[in-house]
Each structure stands twice: as C-alpha cells, then as structure tokens.
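In: A structural model of the following input is requested.
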Amino acid sequence: MTIKTSSWVLQDQQGIDSLELVEDHPVSTLGDNDVLVKLYAASLNYRDIVIAKGEPQLLCFTPGVTPGSDGAGIVTEVGCQLPAFQAPSFSDINSGLGQHLDGTLRSIGTFHESALVSMPSGLSYLEASTLTCSGLTAWNALFGLAGHAPRKGSIVLVQGTGGVAIAALQFALAAGSTVIATTSSDIKAERLKSLGAHHVINYCTNPRWGETAKSLTRGGKGIDIVVDVGGLSTLPQSFKAVRTDGLIAVTGMLGKPEDQAAVPSMMDCLMNVCTARGLLLGTRDQFNEMNKFITDKGIKPIVDDKVFEFKDAKEAYRYLEQQKHFSKVCIRLE
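Out: Numbering: from 1, shown residues only. Below is the predicted model of the structure:
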C-alpha cells in the first residue's frame with residue numbers, strides 16, 4: 001500500500017513562491033537499504049533558498065522534489081544497515097536531499113540508511129534538526145584537521161550569527177577556547193556575549209575587523225582557527241586575522257567581494273604562512289563524534305526564538321532570506 005503524507009514540494013525555481021503544500025504526496029516505497037521516518041522538526045539552510053531561486057551554483061533540480069536537507073524524527077521501519085560513507089563532495093551535495101531527492105519538509109519520509117545518525121541524548125527534535133548541515137560543518141571546521149583542533153588556550157574567530165558560526169562558537173567554548181565573534185548588529189552582539197563570546201567586533205563599523213581581531217590576541221600573534229563563512233567577501237580579513245601556521249576553515253560562499261582586486265589567491269597562504277582548508281559538511285563518523293561531544297558537554301544547539309509551523313514554511317524561507325534570524329530557522333512538523 002502506498003503511503004501518502006503532507007509535504008511541501010518545489011515545482012520550479014522561480015523563488016520562494018514556487019513552494020507548494022501538497023496534502024497527499026506519495027512516499028517512496030521502502031527499499032532494502034532505506035528507513036521510514038516520522039519527522040517532527042526541520043531546519044533551513046541558505047542552500048534551500050538558492051535552490052528555490054535557481055541560482056547558478058544550484059540550478060539543476062528535480063521538479064516536484066520535497067525541499068529541506070535537515071530534520072529530526074523517529075525511525076518507524078527499517079531495511080538493512082550499511083557502513084559509513086566518505087566525506088561528501090560538491091557533486092554529492094548537488095545530488096542530495098531537497099534538490100534531487102525528497103527532503104525533510106514533510107510529515108513522513110523514506111531515506112537511505114546512510115542519511116541518518118542517532119540523535120544526541122537530551123535534545124529536542126528542534127535542537128537536533130540543526131545539526132545535519134550547520135552543526136556538522138562547524139565541527140569539521142574546528143576538529144576535522146589533525147593538529148589544529150581547538151583546546152584550552154586556543155583562539156577561534158567566528159563570523160556572523162548564522163547556524164555554522166553559532167555552532168562553532170558553542171563547540172569552541174566547550175573545548176576551552178577563547179572566541180572572537182563578528183556581527184553587523186549591536187543587538188546580536190549582546191546575544192553573542194550572552195552565549196560566551198569573549199570579544200565581539202561590528203564588521204560594519206569596523207571594516208578592518210581582521211586586524212582588530214588579531215590585535216586582541218596575546219602579543220598580537222593572531223587567530224588559531226578562523227571559521228570563514230563569507231568566502232570572497234571575508235577571506236581578505238580572515239588572512240589579516242590568522243596567525244602564522246594557523247587555519248582558515250572555508251565553509252561558505254555567502255558574500256561577494258567588494259573589491260575584485262582584493263580577492264585572495266593561493267599565494268595568500270604562502271604570504272601568511274597558514275593553511276586554508278575548504279570543506280563541505282563532514283563524514284558520518286564525524287557526525288557521531290560531534291553528537292558524543294554534544295552529549296558529554298551538555299551542549300544545547302541554539303534555535304531562533306521564532307519557530308515556524310509546518311503550514312508557514314514559506315514565511316520561514318522569507319525570514320531566513322531577510323537575515324532576521326539568529327542561528328537556525330526551524331520548522332515544527334508535528
């Protein structure tokens with residue numbers, strides 16, 4: 001018997017209004033290597049907006065696909081189990097949930113077994129739904145390169161107040177590191193301080209924030225790990241901030257360069273004697289390591305104060321697009 005469920009679907013790529021709520025969307029038949037999941041929460045990523053708009057880097061998609069790559073729920077039926085997979089590439093991301101495979105903005109879904117891990121104990125479904133992309137990316141940025149993991153005495157710089165930055169802030173603080181954060185909002189600056197950020201720099205009033213961040217370190221030596229989410233718009237200052245033999249973890253490409261002549265190149269790694277490491281999400285093993293760390297340290301992922309109901313998914317997309325959020329925008333699917 002075919003199972004049907006309430007689901008948002010993306011019919012084309014004309015923007016957020018391309019989303020359509022379907023009450024009797026068919027759920028794929030459970031295969032040998034699949035699991036059936038009752039979903040209770042989902043969280044959005046900027047990738048979801050890019051897919052809806054059909055922006056160049058994510059132009060290709062399957063019409064009628066259910067959007068969303070992040071969610072949490074209960075497995076209600078299973079097939080056989082499979083081993084962990086390797087680190088995802090950009091082509092893997094482009095062929096994944098919410099773009100070519102039905103994602104998480106639905107009540108019930110069939111997923112390949114490799115797409116799931118067990119939730120950390122003590123978290124709500126909303127909190128757990130934030131971990132799949134943002135949490136795992138932050139974990140990989142901080143702990144993914146041997147010899148560069150944050151510890152007591154390390155200094156970590158996070159940029160902005162999106163999901164990756166806030167997760168990185170929480171992980172770095174739990175590891176005993178000093179955290180410097182950037183934001184464009186005085187209100188968000190106070191929120192960052194309340195979460196434990198030791199220093200906060202407003203990058204709008206201080207466009208040379210990288211140099212300022214470096215000056216806040218002992219002896220002006222610089223930052224041990226810079227979690228860069230802006231890409232071309234932020235990398236010039238990230239190179240100004242990082243210490244000799246430090247790490248810039250390049251996790252995003254949200255911004256555009258203000259000055260084309262200032263776009264960094266591989267030579268900047270040589271001139272600054274540092275490592276710039278690009279990464280996408282992380283491995284399943286890293287996901288399990290992160291979840292154990294979250295449980296051991298009692299970390300509660302930060303969810304934006306405004307949680308959206310399932311029927312209001314379009315409003316959630318617009319809220320994220322307008323950058324009104326702090327950390328993760330979540331949708332309750334119950």
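
In: CA atoms for contacts and neighbours, from now on please.
Out: OK.

In: so residue 66 is in contact with residue 109, correct?
Out: No. Counting by C-alpha atoms under 8 Å, residue 66 does not reach residue 109; the two are 9.7 Å apart.

In: overlap in contacts of these two?
Out: Both residue 66 and residue 109 are contacted by 102, 103, under the criterion C-alpha atoms under 8 Å, 6 or more residues apart in numbering.

In: where does residue 287 land on pLDDT?
Out: We have a pLDDT of 96 for residue 287.

In: list the contacts of it.
Out: 117, 132, 136.

In: then it would be within a helix, right?
Out: Yes. Looking at residue 287 with DSSP: H, G, I helix; E, B strand; the rest coil, it is inside a helix.

In: so which elements touch whatever helix or strand residue 50 lives in?
Out: Residue 50 is part of helix 46-53, with elements assigned from DSSP states H and E. Secondary-structure packing of helix 46-53 (3 or more C-alpha pairs under 8 Å, 6 or more residues apart in numbering; DSSP states H and E): helix 313-321.

In: re the thing from before, could you tell me the angle between the helix holding residue 50 and helix 313-321?
Out: 120 degrees (axes from the mean of the first three to the mean of the last three C-alpha atoms, to 10 degrees).

In: still on that earlier bit, among the contacts of residue 287, which one lies nearest to residue 124?
Out: residue 132 (14.2 Å; C-alpha to C-alpha).

In: chain center to stretch 123-132, what's the gap?
Out: 12 Å (C-alpha atoms, centre = their mean, to the nearest Å).

In: circling back: in helices, which of the contacts of residue 287 appear?
Out: Among those, the ones falling in helices (DSSP state H) are residue 136.

In: just the buried members of the contacts of residue 287?
Out: 132, 136 (16 or more other C-alpha atoms under 10 Å).

In: got the contacts of residue 287 as CSV, with distance to residue 54 and pLDDT columns?
Out: Converted to CSV, those look like this (distance: C-alpha to C-alpha, whole Å; pLDDT from 0 to 100):
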residue, distance to residue 54, pLDDT
117, 30, 93
132, 23, 95
136, 25, 97
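
In: okay, the contacts of residue 287 in JSON lines with distance to residue 296 next?
Out: Converted to JSON lines, those look like this (distance: C-alpha to C-alpha, whole Å):
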{"residue": "117", "distance to residue 296": "17"}
{"residue": "132", "distance to residue 296": "18"}
{"residue": "136", "distance to residue 296": "16"}
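
In: below-threshold pLDDT in the stretch 51-200 of the chain: ranges please.
Out: Applying pLDDT under 70 to the stretch 51-200 of the chain flags the ranges 57-59, 80-95.

In: at 90 what do you get?
Out: 54-62, 78-100, 112-115 (pLDDT under 90).

In: in the chain, which spans are helices?
Out: Using DSSP H, helices in the chain cover 46-53, 90-94, 125-128, 136-143, 163-174, 186-195, 209-215, 235-241, 267-272, 284-297, 313-321.

In: may I see those helices arranged in a markdown table, with distance to residue 6 as well?
Out: Below are the helices of the chain laid out as a markdown table (distance: least, C-alpha to C-alpha, whole Å):
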| stretch | distance to residue 6 |
| --- | --- |
| helix 46-53 | 19 |
| helix 90-94 | 25 |
| helix 125-128 | 19 |
| helix 136-143 | 28 |
| helix 163-174 | 27 |
| helix 186-195 | 35 |
| helix 209-215 | 46 |
| helix 235-241 | 42 |
| helix 267-272 | 49 |
| helix 284-297 | 29 |
| helix 313-321 | 12 |
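
In: nearest to residue 29, out of those?
Out: Here helix 90-94 is closest among the helices of the chain (C-alpha to C-alpha), at 22.6 Å.
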